[in-house]
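Q: Here is my input, please return the structure:
(one chain, ligands or ions: 1)
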Amino acid sequence: MSERHAVPMNAELTGQSASATVPLPLRDTSYAFEPQGAPTVRPQDTGVPYLDIRHLHKRYGSFTALQSVSLQIQRGELVCFLGPSGCGKTTLLRAIAGLEAQTSGEIWQDGKNISELPAAQRDYGIVFQSYALFPNLTVADNVAYGLVSQRQPKGLVAQKVHALLETVGLSGSGPKYPAQLSGGQQQRVALARALAMSPGLLLLDEPLSALDATVRVHLRNEIRALQQRLYVTTIMVTHDQEEAMAIADRVVVMNHGVVEQVGTPMEIYQRPATPFVAEFIGKANKLQAIAVGDGGITLGGHKLFCPQAPQLAKGQALDVYLRPEDCSVHNCTAMPPAASVPPATGAPVWTARVEHLEFLGATCIVHADVPRLPEQRIQLQLSPAQWAQLDVQPGRWLQFSVNATQLKIFAQKY
Ligand SMILES: Nc1ncnc2c1ncn2[C@@H]1O[C@H](COP(=O)(O)OP(=O)(O)OP(=O)(O)O)[C@@H](O)[C@H]1O
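A: As a prediction, the model looks like this:
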């Protein structure tokens, strides 16, 4: 059994009241109190994953919430669980925390099998979307809660609380009550409280979902910086893909209780492993094509060479995902062009009629109908400068090529 014990941080979920004192063995509580700017001392990489989830299943009656989830997380990594609502992200996080018992499978942390350990005996700090602070305790007492439960000397607790509040940018807020703070500030207190015991694992369950857009971006960057400084292995659940892409070392994309892909943000965006990932991450036009052999496909009447295409049998029906930014618009005219104007690259050219435009600030998305594509409607991305220069307007006609090497290609399964 681990001698490093976590204090359950959510009274609602654990049934533990703020006034309850649970004596816990003393443990190393040093890392969260390193002064800012101090060099990060990183434990030697043993090659063993810090967290090793092996074939985890979770069933609720006849419903399968997690299906044979296997995942390895290295020490010091920040990993995001990302997926649509109901895909099992929170269930997986709660199983790691011991707040939900898995039906089968194992969880190993730091080389120890923790599968059957109760939540209170696992080594983690957790932050919930709802903050879950104790409303009747001051900010300082909320942060101090675990340290007091551990019967650490009063002076030391005060010192640590002071350092933690400084770390999360809330020096001077110790005497306040949670209700006197903004949502973002309350979540910083929750973060300080989760870090107070210097846990081996930091679990963040949609910590930014309740905050407004500006605070979200600010706080996510702070969380990332803090996580890197403390080198604490961290898992964050989110359904916001921009958030996951912005801060994660690796993203775990989930769907219907299954892990579809684990990869760096760039890998999951540029080399999606499944059609679901191609469609879920970023924007993509889903088009139909046919394999013609030797890396060739026919798409909308044109033949394209796609070296990235897996070896596909000639005649195989394909689903092809085209990102709006992988299209190059060559011209835009009031009347349908009489003939294709081949670009310098010699790439095939399609003609499209502009339907409507979405101006998103840094980019502009053009929704257009392409008579030669069976799916007809397509989205293309332009910079505002290109938009203005080409005079792209609804009702006008444009000609575009696609970057064939960037197409995500999958054999149709139906
Ligand atoms: N206690 C429970 N009893 C029955 N079904 C449950 C229970 N908890 C979760 N589920 C179901 O398990 C599935 C996964 O739920 P989970 O909360 O893990 O999803 P999620 O990916 O975190 O979704 P969201 O982003 O909406 O929070 C859902 O279909 C949910 O309805």
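Q: Who are the contact partners of the residue most central in space within the chain?
A: Nearest to the mean C-alpha position of the chain, counting by C-alpha atoms, centre = their mean, stands A244 at 2.7 Å. By C-beta atoms under 8 Å, 6 or more residues apart in numbering, A244 lies in contact with C80, L82, M236, T238, V251, P265. Using the backbone N, CA and C atoms, a C-beta is placed for each residue, glycine as well.
Q: And the helices in the chain?
A: All helices of the chain, identified by DSSP state H, fall at 11-14, 89-97, 139-149, 154-167, 183-195, 213-230, 241-247, 265-270, 275-280, 384-390.
Q: is the second one anywhere near the ligand?
A: Yes - Helix 89-97 is in contact with the ligand by C-beta under 6 Å from any ligand atom, via K89, T90, T91.
Q: Please list the residues outside that helix that contact it.
A: Against helix 89-97 from outside (C-beta under 8 Å, 6+ apart): 51, 53, 56, 58, 65-66, 69, 81-83, 100-102, 107, 119, 122, 124, 126, 201, 203, 205-206, 235, 237-239, 254, 257.
Q: Residue of the stretch 101-250 of the chain closest to the ligand, please.
A: Closest residue of the stretch 101-250 of the chain to the ligand, C-beta to the nearest ligand atom: H239 (4.7 Å).
Q: beta partners of C332?
A: Beta bridges link C332 to L398, judged by DSSP bridges.
Q: shouldn't it be in contact with V354?
A: Yes - using C-beta atoms under 8 Å, C332 makes contact with V354 at a distance of 7.4 Å.
Q: quick one: common contacting residues for those two?
A: Joint contacts of C332 and V354 (C-beta under 8 Å, 6+ apart) are V392, Q393, R396, W397, L398.
Q: is it possible to export those to TSV including pLDDT and distance to the ligand?
A: Putting the shared contacts of C332 and V354 into TSV (pLDDT from 0 to 100; distance: C-beta to the nearest ligand atom, whole Å) gives the following:
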residue	pLDDT	distance to the ligand
V392	95	37
Q393	95	39
R396	96	41
W397	96	42
L398	94	38
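Q: circling back: among the residues of helix 89-97 next to the ligand, who's most crowded?
A: K89 (25 neighbours; other C-beta atoms under 10 Å).
Q: Do you know the pLDDT at it?
A: Here, the pLDDT recorded for K89 equals 96.
Q: thinking again about what came up before, counting neighbours, which of the contacts of A244 comes out on top?
A: L82 (29 neighbours).
Q: Just confirm that one contacts V252, I think it does.
A: Yes - contact criterion C-beta under 8 Å: L82 and V252 qualify, at 6.8 Å.
Q: tell me which of the residues of helix 89-97 next to the ligand is nearest to S328?
A: K89 (36.8 Å; C-beta to C-beta).
Q: then stretch 312-330 to PDB, C-alphas only?
A: In PDB, the C-alpha atoms belonging to stretch 312-330 read as follows (Å, rounded to 0.1, in the frame of the first residue of the first chain):
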ATOM      1  CA  LEU A 312      -5.700   0.400 -51.000                       C
ATOM      2  CA  ALA A 313      -7.200  -2.100 -53.400                       C
ATOM      3  CA  LYS A 314      -8.100  -0.700 -56.800                       C
ATOM      4  CA  GLY A 315     -11.800   0.200 -56.800                       C
ATOM      5  CA  GLN A 316     -12.000   0.500 -53.000                       C
ATOM      6  CA  ALA A 317     -14.600   3.100 -52.000                       C
ATOM      7  CA  LEU A 318     -13.000   5.800 -49.700                       C
ATOM      8  CA  ASP A 319     -13.900   8.400 -47.200                       C
ATOM      9  CA  VAL A 320     -11.600  11.400 -47.700                       C
ATOM     10  CA  TYR A 321     -11.400  14.200 -45.200                       C
ATOM     11  CA  LEU A 322     -10.200  17.600 -46.500                       C
ATOM     12  CA  ARG A 323      -9.400  20.400 -44.100                       C
ATOM     13  CA  PRO A 324     -10.600  23.900 -45.200                       C
ATOM     14  CA  GLU A 325      -7.100  25.200 -45.000                       C
ATOM     15  CA  ASP A 326      -5.800  22.600 -47.400                       C
ATOM     16  CA  CYS A 327      -7.600  24.200 -50.300                       C
ATOM     17  CA  SER A 328      -6.000  26.900 -52.500                       C
ATOM     18  CA  VAL A 329      -8.300  29.400 -54.100                       C
ATOM     19  CA  HIS A 330      -6.900  30.700 -57.400                       C
END
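Q: If any of the shared contacts of C332 and V354 are buried, put those into a PyMOL selection.
A: Buried subset of those, written as a PyMOL selection, criterion 16 or more other C-beta atoms under 10 Å:
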select buried, resi 392+396+397+398
